[in-house]
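Student: Sequence and computational prediction follow.
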Amino acid sequence: MAFYSSGQVQSLYIDPKSFIDGRRAVFELDGHHLAYLPNMRLLNIGIFGQATATARYNDLVGANAIIEAIHLYDGKTLLSEVRKYGQYRGFLLQNVKNSSAQSVSAMKNLNKLGFCQSHNLAGAERGKLAYGLNTVALNPDTTRDGAFGGIIDLREVLPLLNNMSHLPSDMFKNLRLEVIFNTNVARGIMNNNTHTIAGMKFPLLAVDVIDDESVVRKMNAGMSRGVQWLEIEHTQVSFPVGDATNNGQNVKQSINTKIDAYKNKSVERLLQIKELVDATPYIDTNVVQGFGAFSSPALQNERIQYRLNGRNIIPDIGVQGSAEQMSYVVDTFGDGFAFPGSNATDIDSGVVVSDSLGTDGTKYAGQLSYNAVYLGERVRDLQIEHERTQMEDTTAFRPSTAALNVHYFAEVRKAIVPQKSGEYLVSYL
């Protein structure tokens, strides 16, 4: 049943109440008797300072690279958030079909995902799968007004918004969106760590709102039973450094970790993303290699087994090898943008993959290696066995022996329950 028509919807473009360039932006929604619609968008996400033809944002996450976290508060009450935003956003942006990555995501996020046949490239690169041929000019300009900015639909990263018809200001009296930034060029937010970053564009929050008290009252009545959603909760563990010498060649290294962050919580899907503790190997001679620190590197002969409440989730020894890994990710999260060698080690992706500049695509091999599983019950005890095979390696980038931060993102059931007093409770289910 429709409560309102399009003519009753106003679009507001809200400046931050507080803005510290490169650090933080706070947006406040403090109206009365209003209904804020959940399709909130962050606009003008980007930086300025470099205008050379080769300067561009990170190839995977684009302008999202400058964001570290997003939090939605009502006063002091945390409603929804996303931490380790760059790693999680990187997964979401590749978790779409190639056509969507190329024609929609690249334009909104200013990244270079999406492959097509490269008949216009010359020499050995002709006929390969080439990424980035679709992109508009992504070069950050020397001026704040001249630079391109990205667009972020907050429903994609704050699942609470996907499950609410509206956010009533009578219930959430002090709504506040906080965005944490980090524009340090050494993080690999651009394709070269020598590019100049003079500052950020001024971010805006676009919000659709209904300011008709009788309509809002009817909409609020529909929320009397509350709202349930799957919050994304993050935790991480450490995978210790291995032996990259001849002594470690072909020796298995494994960790068995007890994950207490989700204890007594109802968990649906679980995602694992890997990150090098030492970020310096992501950059070679000032050039970010592939997707840089926002990738999830493949490990040699990687294996993972999940033990939930006393039983193994995966048959036999668990998920082993890049083909099984990808099948579980697709089964759990749906279609994903991928290319030959994107989640595998020892694959010469340059044979079939190029980039838009007509150069070898080998640096993108093994950069989109994720693990995923569906749990679908309350966690009393969760243990994860994670294994890799060490390889003798003298190169700087060697994820099969490097120390890793292993990130887990879980869908956790939560609810907002209205009270007769007009207040509400946020609880786990």
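Tutor: Perfect, I can see it now.

Student: which stretches of this structure have low pLDDT?
Tutor: 1-6, 51-53, 116-140, 347-361 (pLDDT under 70).

Student: Only the buried residues of the longest helix anywhere in it, if you could.
Tutor: Secondary structure of the chain per DSSP state H: the longest helix is helix 322-333. Buried residues in helix 322-333, defined by neighbour count with 16 or more other CB atoms under 10 Å: 322, 324, 325, 326, 328, 329, 332, 333. (C-beta placed from N, C-alpha, C; glycine too.)

Student: which among these gets closest to residue 194?
Tutor: Nearest to residue 194 among the buried residues of helix 322-333: residue 322, at 33.7 Å, using CB to CB.

Student: Contacts only, for that closest one.
Tutor: 298, 302, 343, 344, 345, 369 (CB atoms under 8 Å, 6 or more residues apart in numbering).

Student: same deal with residue 68?
Tutor: By CB under 8 Å, 6+ apart, the neighbours of residue 68 are 84, 85, 86, 180, 181, 182.

Student: about what we covered before: now, which of the buried residues of helix 322-333 sits nearest residue 311?
Tutor: Nearest member of the buried residues of helix 322-333 to residue 311, counting by CB to CB, is residue 328, at 17.3 Å.

Student: how close does the closest one get to residue 183?
Tutor: 35 Å (CB to CB, to the nearest Å).

Student: And for residue 318?
Tutor: To residue 183, residue 318 is 40 Å away according to CB to CB.

Student: Next: residue 254.
Tutor: 38 Å.

Student: neighbour-wise, which of those two wins?
Tutor: residue 183 (20 against 13; other CB atoms under 10 Å).

Student: So that one: helix, strand or coil?
Tutor: Applying DSSP: H, G, I helix; E, B strand; the rest coil to residue 183 yields a three-state assignment of coil.

Student: pretty sure it is touching residue 196, no?
Tutor: No: using CB atoms under 8 Å as the test, residue 183 is too far from residue 196 to be in contact (11.2 Å).

Student: so which strand or helix has the residue nearest the centre of the chain?
Tutor: When CA atoms, centre = their mean is applied to the chain, the residue found nearest the centroid is residue 89 (1.3 Å). In this assignment (DSSP states H and E), residue 89 forms part of helix 85-94.

Student: would you put the C-alpha positions of the host helix or strand of residue 256 in CSV?
Tutor: Assigned by DSSP H and E, residue 256 belongs to strand 252-258. C-alpha atoms of strand 252-258 as CSV (Å, rounded to 0.1, in the frame of the first residue of the first chain):
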residue,chain,number,x,y,z
LYS,A,252,52.4,-26.5,5.0
GLN,A,253,51.6,-23.7,7.5
SER,A,254,48.3,-23.6,9.3
ILE,A,255,46.5,-21.8,12.0
ASN,A,256,43.4,-22.9,14.0
THR,A,257,41.6,-19.8,15.3
LYS,A,258,38.7,-19.6,17.7
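
Student: Show me what it is packed against.
Tutor: Packing partners of strand 252-258 (3 or more CB pairs under 8 Å, 6 or more residues apart in numbering; DSSP states H and E): strand 227-239, strand 382-389.

Student: Tell me the helix or strand right after the shortest one.
Tutor: Proceeding N to C from strand 382-389, the next assigned helix or strand is strand 404-418, under DSSP H and E.

Student: next SSE after that following strand?
Tutor: Sequence-wise, the next helix or strand downstream of strand 404-418 (DSSP H and E) is strand 424-428.

Student: Can you name the residues in contact with that next one?
Tutor: The contact list for strand 424-428 (CB under 8 Å, 6+ apart) reads 77-79, 171, 226, 264-266, 412-419.

Student: what do you get if the cut-off is 7 Å, keeping everything else the same?
Tutor: 77, 79, 171, 265, 412, 413, 414, 415, 416, 417, 418, 419 (CB atoms under 7 Å, 6 or more residues apart in numbering).

Student: Repeat that for stretch 224-236.
Tutor: Stretch 224-236 is touched from outside by 80, 82-84, 159-160, 162-164, 259, 261, 268, 405-418, 429, with contacts defined as CB under 7 Å, 6+ apart.

Student: What residues sit buried inside that stretch?
Tutor: Across stretch 224-236, burial judged by 16+ other CB under 10 Å covers 227, 229, 230, 231, 232, 233, 234, 236.

Student: Just the buried ones from the contacts of strand 424-428?
Tutor: 79, 171, 265, 412, 413, 414, 415, 416, 418.

Student: For those, give me TSV that also has distance to residue 10.
Tutor: Shown next, in TSV, are these (distance: CB to CB, whole Å):
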residue	distance to residue 10
79	23
171	20
265	38
412	34
413	34
414	30
415	30
416	25
418	25
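
Student: dump the residue contacts of the residue lying closest to residue 183 once chain neighbours are set aside.
Tutor: With sequence-adjacent residues excluded and distances taken as CB to CB, 6 or more residues apart in numbering, residue 183 is closest to residue 22, at 4.1 Å. Going by CB under 7 Å, 6+ apart, residue 22 touches 181, 183, 200.

Student: 8 Å - rerun?
Tutor: 66, 181, 182, 183, 184, 199, 200.

Student: which among these gets closest to residue 220?
Tutor: For those, the residue nearest residue 220 by CB to CB is residue 181; the value is 34.2 Å.

Student: Might one say that the closest one is in contact with residue 25?
Tutor: Yes: between residue 181 and residue 25 there is a contact at 7.1 Å, judged by CB under 8 Å.

Student: where do the helices sit along the stretch 1-150 of the chain?
Tutor: 85-94, 98-100, 106-109 (DSSP state H, counting those that start in this stretch).

Student: could you redo the ones you listed as TSV and give each row distance to residue 364?
Tutor: As requested, the helices of the stretch 1-150 of the chain are exported to TSV (distance: least, CB to CB, whole Å):
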stretch	distance to residue 364
helix 85-94	11
helix 98-100	14
helix 106-109	15
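
Student: Just name the most buried of these.
Tutor: When those are scored by mean count of other CB atoms under 10 Å, the highest mean neighbour count falls to helix 85-94 (a mean of 24).

Student: between that one and strand 404-418, how many degrees?
Tutor: 80 degrees (axes from the mean of the first three to the mean of the last three CA atoms, to 10 degrees).

Student: so how far is helix 85-94 off the chain centroid?
Tutor: Computed by CA atoms, centre = their mean, to the nearest Å, the separation of helix 85-94 from the middle of its chain amounts to 2 Å.

Student: Now do the contacts for the residue lying closest to residue 28 once chain neighbours are set aside.
Tutor: Once flanking residues are discounted, residue 28 sits nearest to residue 17: 4.6 Å by CB to CB, 6+ apart. Shown in contact with residue 17 (CB under 8 Å, 6+ apart): 26, 27, 28.
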